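Visitor: need coordinates for the below:
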Amino acid sequence: MKKALITGGMGFIGSFIARQLIEEGTVDTVVLLDHFGRYISPLREEYYDYTKYRFTGIEGSIVLERGDTRNYSVAQQIVYRHDPEFIVHLAALPLAKLDNLTPEEACEGTVVSTSNLLHAVAWAREQGKQALRRFVYASSSMVYGDFKADVAEEDSHPTYPKEPYGTMKLAGENVTRGLTNFYGLEHAIVRPSAVYGPTDMNRRVSQIYVEKALRGEVLKVFGEDEKLDFTYVKDIANGFILAATHPGGANQTFNITTGKAQRLLDYVLELKNLFPDLRYEVVPRDAFRPKRGTLSIDKARRLMGYEPAYDLARGVAEYVDFVRRANPELARREA
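Guide: As a prediction, this is how the structure comes out:
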């Protein structure tokens with residue numbers, strides 16, 4: 001029986017990876033390791049829990065394990081028990097900007113958990129487990145810091161993060177490269193950017209805008225020229241799976257994005273096409289955020305055949321349709 005292990009598997013990106021793996025028949029079972037935590041206060045009035053929608057129709061093909069890879073014993077037991085062919089390591093902080101975020105917390109969620117998993121794989125191999133084909137580490141476009149070029153390429157653009165999240169994501173990349181080399185394992189590193197789409201509930205700006213549009217509220221656009229390489233969650237999932245399974249993904253680092261930066265204002269204007277009465281105002285950008293732009297996906301195209309299927313218009317329309325169906329309260333407010 002072919003298995004994949006996704007740490008942080010109940011999360012936004014992990015659930016879409018699990019669904020595609022199962023629906024395409026890449027594996028028989030997906031093991032989701034998750035600590036069942038939340039990063040946004042559930043007491044907030046605008047908090048919506050979309051978890052139940054993430055696994056509808058695939059419940060019989062997933063195994064849910066509760067645990068945290070910051071604990072080595074958890075990583076060791078899960079890897080040994082399930083002996084997966086692929087590990088996609090998503091378990092870490094899901095957002096660059098969280099209340100009370102400290103370097104220690106960011107380090108535990110990336111550096112410590114990554115080293116624990118890789119050491120657990122090496123230990124399991126000593127015990128006779130041999131299934132693992134590749135370890136995929138989820139990094140971030142935040143590792144680049146402020147973009148020094150209009151287009152950031154994986155192997156030429158400097159990595160110079162400017163906050164704890166990007167700093168520790170980059171450290172996790174180095175742990176992945178060094179320990180997989182030491183243990184004789186294959187790896188792939190994926191750098192996503194501005195992921196959006198159905199079931200997101202961590203209050204990213206893309207989610208906030210959709211829900212405010214449904215409520216008829218005024219949207220604040222942070223910077224008229226602020227650009228992000230918005231990437232629909234299904235494209236991200238497909239890129240992760242290619243990085244895990246394609247021969248060209250071995251021991252490589254990939255930007256997995258749409259490959260076209262667009263203004264935050266462009267996202268809002270796509271919403272205005274769906275909500276003609278939408279109101280917005282432009283305010284100064286958040287100086288905390290690095291100045292970003294387009295991430296080159298030429299390498300992913302060349303080595304793995306990656307090609308995004310969603311432009312911003314299609315992605316926003318599908319996302320809005322989901323929220324309308326999944327959140328009757330918002331739909332009633334719109335009406």
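
Visitor: tell me where the model's unsure across the stretch 1-150 of the chain.
Guide: Residues of the stretch 1-150 of the chain meeting the criterion pLDDT under 70: 37-47, 92-101.

Visitor: what segments of it are strands?
Guide: Taking DSSP state E, counting those that start in this stretch as the test, the strands found in the stretch 1-150 of the chain are 3-7, 29-34, 62-66, 86-89, 134-138.

Visitor: partners of the fourth one in the sheet?
Guide: For strand 86-89, the pairing partners within the sheet under DSSP bridges are strand 3-7 (parallel), strand 134-138 (parallel).

Visitor: what comes into contact with the first one?
Guide: Right, the one you point to is strand 3-7. Residues outside strand 3-7 that contact it (Cβ atoms under 8 Å, 6 or more residues apart in numbering) are 14, 17-18, 21, 26-34, 69, 78-79, 82-91, 113, 117, 131, 244. C-beta here means a position set from N, CA and C on the backbone, and glycine is covered the same way.

Visitor: from Tyr50, how far off is the closest residue to Phe275 other than its chain neighbours?
Guide: Spatially, and ignoring its direct neighbours in sequence, Phe275 is nearest to Ala213 (4.8 Å; Cβ to Cβ, 6 or more residues apart in numbering). Ala213 sits at a distance of 17 Å from Tyr50 (criterion: Cβ to Cβ, to the nearest Å).

Visitor: repeat for Thr114
Guide: To Tyr50, Thr114 is 27 Å away according to Cβ to Cβ.

Visitor: of the two, who's got more company?
Guide: Taking other Cβ atoms under 10 Å, Thr114 and Tyr50 do not tie; Thr114 has more neighbours (28 against 17).

Visitor: tell me the contacts of the more buried one?
Guide: His89, Tyr137, Gly172, Val175, Thr176, Leu179.

Visitor: out of these, who's nearest Pro308?
Guide: Each of the contacts of Thr114 was checked against Pro308 using Cβ to Cβ; the closest is Tyr137, at 20.8 Å.

Visitor: three-state assignment of Lys220?
Guide: The three-state label for Lys220, taken from DSSP: H, G, I helix; E, B strand; the rest coil, comes out as strand.

Visitor: I figured it hits Arg279, correct?
Guide: No. At 10.5 Å, Lys220 does not count as touching Arg279 under the criterion of Cβ atoms under 8 Å.

Visitor: and those two? Which one has more around it.
Guide: Neighbour tally, Lys220 and Arg279, criterion other Cβ under 10 Å: the higher count belongs to Lys220, 15 against 12.

Visitor: so what sits opposite the more buried one in the bridge?
Guide: Following DSSP bridges, Lys220 is listed with bridge partners Glu281.

Visitor: once you drop chain neighbours, what's closest to Leu32?
Guide: In space, Leu32 comes closest to Gly9 once its chain neighbours are excluded; the distance is 2.9 Å by Cβ to Cβ, 6+ apart.

Visitor: give me the neighbour count for the closest residue in space to Arg263 that isn't next to it in sequence.
Guide: Spatial nearest neighbour of Arg263, chain neighbours left out: Lys227 (5.4 Å); criterion: Cβ to Cβ, 6+ apart. Using other Cβ under 10 Å, Lys227 has 20 other residues around it.

Visitor: so what's Lys227 up against?
Guide: Ala261, Gln262, Arg263, Leu264, Arg292, Gly293, Thr294.

Visitor: pLDDT score for it?
Guide: What the model reports for Lys227 is a pLDDT of 92.

Visitor: quick one: the helices in the chain, in order.
Guide: In the chain, the segments counted as helices under DSSP state H are 12-23, 72-82, 103-107, 113-126, 164-183, 205-215, 233-245, 264-274, 298-304, 312-326, 328-334.

Visitor: among those, which is nearest Asn255?
Guide: helix 298-304 (6.7 Å).

Visitor: that closest one packs against which elements?
Guide: Taking 3 or more Cβ pairs under 8 Å, 6 or more residues apart in numbering; DSSP states H and E as contact, the helices and strands that helix 298-304 lies on are helix 233-245, strand 252-255.

Visitor: right, I'll call it a day here.
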